[in-house]
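[1] Below are the sequence and a predicted model for it; my questions follow.
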Amino acid sequence: MSVRTEPRNFTRLTTVREATTDLVALLMHAGLIRINRNTDDVEPWLAQSWTQSADGLTYTLKLRANVRFSDGHPFTADDVVFSFAASYAAGLADSLEIDGKKLTVAAVNPQTVTVTFPAPFAPGLRLLDNLVILPRHKLEPALERGTLKTAWGVSTPPSDLAGLGPFVLREYQPGQRLVFVRNPNYWRTDADGAPLPHLDRVTLDVVPDQSTELLRLESGEIDATASQMPVEDYAELKRGAEAGTLRLYDLGPDLYPDWLSFNLKPGAFAGDARAAWIQRDELRRAISLAVDRQLFSDTVFLGAGVPVFGPVSPANKRWYWKDTPAIPHDPEQAKKLLASIGLSDRRGDGVLRDVAGKPARFTILTQKGRPAFERAVSVIRDELKKIGIAVDVAELEGNAVVQQIYSGKYDALYLNAFLSDTDPADSADFWLSSGPSHFWNPDQRTPATEWERQVDGLMRVVSTSHDFSERKRSFDRVQQLFVEHQPMVYFVAPRVFAASSTRLGSVEPNVARPQLLWSPDTLTVAH
């Protein structure tokens, strides 16, 4: 299988979710529960059963007996308690918090653990899909030293690692591949009682370039891609499917469309003349008006896309705000908005300038080797040039882009990020102003804007109310605030295509990532 970026570490204890790191965790580790991506239901995993207290706050989870880590060490409730502590220490609190407060976890006995929520939480144990169970016997010293984040970095020898997932890492060649082999102590069996996983080995080849990825899939060098296939490859993939050499899956509109966001961290542009306008809502609303979404769909996704105007795709049928207003293509209205923040054509040459006469210009940072990203930023650049704004484009490797986000030294981003769950309460790290994945201005101590303060309050209702209608109304209002202020500008949700070799079996494709690999222990290959 192919991945497009290197993993950041082997624990998934990262404050910014990254696809390869998540996939590595899916192969190496396991959780207490699992959300089945096809049914959207919570399934027992390392916790085989649970009960809930009368007040709804405490869950008592019965752990599976005789489960061992890949190195043979027994799995107990102490590992669960440790894993919560590790996640909180690594800065992942927002993905495991309720109303800003941590969960209380206690080991009752080696096979029983209680998890007490500090307040009512509507999704219940869905929250635990964010928790990876890590080995206390391996990582507790790093937690005590405060070095947990770097304890299992990518330079860690595979022999030092241990997990509860279906595979163990045998070999890592930076920039080339990761080789996983069957975990001899894996605890699951199939419906016939045969031990899982079915596969003896999984190799993840690092292939940053999508064109190379397609060639390797067509030639049979790889059996599947961890990412969806770009729409420009659809015709080629369809020919392969018709010839019987590939399987092609059309999974519908993407749950998580690409987006354009600006650096809205206060002080990010201190001393820069652009500070007067580059962080203004009016700029982002003007961009949304200036970009022709049908042109965007036709150019970027070859017409295989649905216009979107807010942060939730219509593919998320349960939570999408059906009254999301369609933003028209209106360049003249965009110019009026820009004039209201001091950007106008002062010399009659079609170039917008600020009050000091300096041209309106900014740089969009995006990931290298992603043709759809390249086409998208080209469309945005060309559309904004029509209204007098100059756009430069900077392309970097995936992890270099993440580093730039962390540093806060950028103007704007064109990227894609997926959330923890379709239920918004399980993605608090994105929605809350204090969240590390609140991309435009992460980790705020207090909300930087009034509208973000309102979102924080609404998300408390989304997270704590057991009345779905009340939750839905509150989250509709969250989406309305997003559309009004557009911290992220959304244009089109592409249709999701995935492909695999014909020898890959027991595939359960789903629009959520990783589309074909979310249940790796049940995959098979024909010999």
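    In hand now; what should we look at? Numbers count the residues shown, from 1 in each chain.
[2] Let's see stretch 443-463 as CSV, backbone CA atoms only.
    C-alpha atoms of stretch 443-463 as CSV (Å, rounded to 0.1, in the frame of the first residue of the first chain):
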residue,chain,number,x,y,z
ASP,A,443,-4.5,26.8,21.3
GLN,A,444,-6.2,30.0,22.4
ARG,A,445,-6.2,30.6,26.2
THR,A,446,-9.4,32.7,25.8
PRO,A,447,-11.5,33.1,22.6
ALA,A,448,-9.9,35.7,20.4
THR,A,449,-13.2,36.8,18.9
GLU,A,450,-16.8,37.1,20.1
TRP,A,451,-18.1,34.6,17.5
GLU,A,452,-15.5,32.0,18.6
ARG,A,453,-16.8,32.5,22.2
GLN,A,454,-20.3,31.8,20.9
VAL,A,455,-19.1,28.7,19.1
ASP,A,456,-17.4,27.5,22.3
GLY,A,457,-20.8,27.9,24.2
LEU,A,458,-22.8,26.2,21.4
MET,A,459,-20.4,23.3,21.3
ARG,A,460,-20.9,22.7,25.0
VAL,A,461,-24.6,22.2,24.2
VAL,A,462,-23.7,19.9,21.3
SER,A,463,-21.5,17.9,23.6
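[3] I'd like the mean pLDDT over that stretch, please.
    Mean pLDDT, stretch 443-463: 95.
[4] Can you name the residues in contact with that stretch?
    Applying Cβ atoms under 8 Å, 6 or more residues apart in numbering, the external contacts of stretch 443-463 come out as 98-99, 121-123, 264, 266, 424-425, 428, 431-436, 438, 441, 470-471, 474-475, 477-478, 481-482, 484-485. Bear in mind the C-beta positions are built from the backbone N, C-alpha and C, glycine included.
[5] buried sites along it?
    Across stretch 443-463, burial judged by 16 or more other Cβ atoms under 10 Å covers 444, 447-449, 451-452, 455-456, 458-463.
[6] now that stretch: how far from the chain's centre is it?
    20 Å (Cα atoms, centre = their mean, to the nearest Å).
[7] now swap in stretch 21-39 and tell me
    Distance, centroid of stretch 21-39 to centroid of chain: 14 Å (Cα atoms, centre = their mean).
[8] Now that stretch: buried residues?
    Applying 16+ other Cβ under 10 Å to stretch 21-39 flags 21-35, 37 as buried.
[9] Also stretch 154-167?
    So, applying 16+ other Cβ under 10 Å, buried residues of stretch 154-167: Thr156, Leu161, Ala162, Gly163, Leu164, Gly165, Pro166, Phe167.
[10] how close does the second one sit to Arg182?
    Looking back up the chat, that one is Leu161. 15 Å (Cβ to Cβ, to the nearest Å).
[11] got a list of contacts for stretch 74-85?
    In contact with stretch 74-85 (Cβ under 8 Å, 6+ apart) are residues 32, 46, 61, 63, 67-69, 96, 102-103, 105-113, 131-136, 139-140, 143, 164.
[12] same thing but at 6 Å, please
    Contact with stretch 74-85 is made by Val67, Arg68, Val105, Ala107, Pro110, Val113, Ile133, Leu134, Arg136, as judged by Cβ atoms under 6 Å, 6 or more residues apart in numbering.
[13] Would you point out the most distant pair within the buried residues of stretch 154-167?
    Across those, the longest distance by Cβ to Cβ is 19.8 Å; it joins Thr156 and Pro166.
[14] what mean pLDDT does the strand ranked longest in the chain have?
    As assigned by DSSP state E, the longest strand anywhere in the chain is strand 492-501. Averaged over strand 492-501, pLDDT sits at 94.
[15] Check stretch 183-199 too.
    96.
[16] For that stretch, what is the distance to the chain centroid?
    On Cα atoms, centre = their mean, the centre of stretch 183-199 falls 29 Å from that of its chain.
[17] start the count at 19, not 1, going forward
    Taking 19 as the first residue, the last one we looked at is stretch 201-217.
[18] list the buried ones in it?
    Buried residues in stretch 201-217 (16+ other Cβ under 10 Å): Asn201, Asn203, Tyr204, Trp205, Arg206, Leu214, Pro215, His216, Leu217.
[19] got a list of contacts for it?
    Val85, Arg86, Ser88, Pro184, Phe185, Val186, Arg200, Asp539, Leu541, Thr542.
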